[in-house]
Structures are given as structure tokens and as C-alpha cells.
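1. this is the structure alone, sequence omitted:
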């Protein structure tokens, strides 16, 4: 594995893990009032685009990072959408 590959995997790991505390806190508290629906919608769409781009280029660090980040941020987004629709929380 080259230094370039190792840097890619390290960056992928760190940026993906960065979402874990927010996801765990949001799941534990069920509080999404301070989370922006627009921001997370745009972010999830952007991460999905990065994931597709990584798949097209077969770039595993990009694929893995964005797959994990997509899953974690989609959890928060789905909880926010639920709060807006069911609890009538502000978007």
C-alpha cells in the first residue's frame, strides 16, 4: 500500500468517525431541534454524489468514507424529517 493510499484511508476513517458522536447523541436524546433540515438534506445529497463518483472511479477510500458518512448522516436526516412531520418541529 502506497503512502497516498494510506493517507486516503486515514482521511476516510477520521472524517467518517467524526459523525459518530452527533449520531449517538441524536439517537440518545431524540433532540433534533438544533439541526438544520436544509443543511442535512444538502449534505446527504452531496455525500451521495461523492459516493457515486468514488464508485465510478473505483476509489476505495472515497467509497468507504462516503458510504459510512452517508449512512450516519442519513440517520440524523431521517430523525429530523420525522421530527418535522410528526412532531411539527421547525425545519
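-> Received it, and whenever you're ready, just let me know what you need. The model shown is predicted, which means the values in this text are computed figures rather than measured ones. Numbering: from 1, shown residues only.
2. residues making contact with the helix or strand of the chain with the lowest mean pLDDT?
-> The helix or strand of the chain with the poorest confidence is helix 3-17; it has a mean of 90 (mean pLDDT, DSSP states H and E). Helix 3-17 has contacts (C-beta atoms under 8 Å, 6 or more residues apart in numbering) with 59, 60, 61, 62, 64, 65, 68, 69, 72. The way it works is simple: take the backbone N, C-alpha and C, and place the C-beta from them, glycine included.
3. filter these down to the buried ones.
-> 59, 61, 62, 64, 65, 68, 69, 72 (16 or more other C-beta atoms under 10 Å).
4. give me the three-state assignment for the fifth one.
-> Translated: residue 65. helix (DSSP: H, G, I helix; E, B strand; the rest coil).
5. quick one: it from residue 10, how far?
-> Noted for residue 65: a distance of 10 Å to residue 10, by C-beta to C-beta, to the nearest Å.
6. now swap in the first one and tell me
-> As defined by C-beta to C-beta, residue 59 lies at a distance of 15 Å from residue 10.
7. do the same with residue 83
-> 35 Å.
8. what's the mean pLDDT across stretch 33-46?
-> Averaged over stretch 33-46, pLDDT sits at 96.
9. buried residues, the strand or helix carrying residue 84. List them.
-> Per DSSP states H and E, residue 84 falls inside helix 60-86. Residues of helix 60-86 classed as buried by neighbour count (16+ other C-beta under 10 Å): 61-70, 72-77, 79-81, 83.
10. please apply the same query to stretch 3-17.
-> 8, 12, 16.
11. quick check on residue 87: phi, psi?
-> phi -90, psi 0 (degrees, to the nearest 10).
12. next one: residue 31 from residue 53, what distance?
-> According to C-beta to C-beta, residue 31 stands 33 Å off from residue 53.
13. packing partners of the helix or strand hosting residue 38?
-> Using DSSP H and E, the element containing residue 38 is helix 37-57. Here helix 37-57 touches helix 60-86, going by 3 or more C-beta pairs under 8 Å, 6 or more residues apart in numbering; DSSP states H and E.
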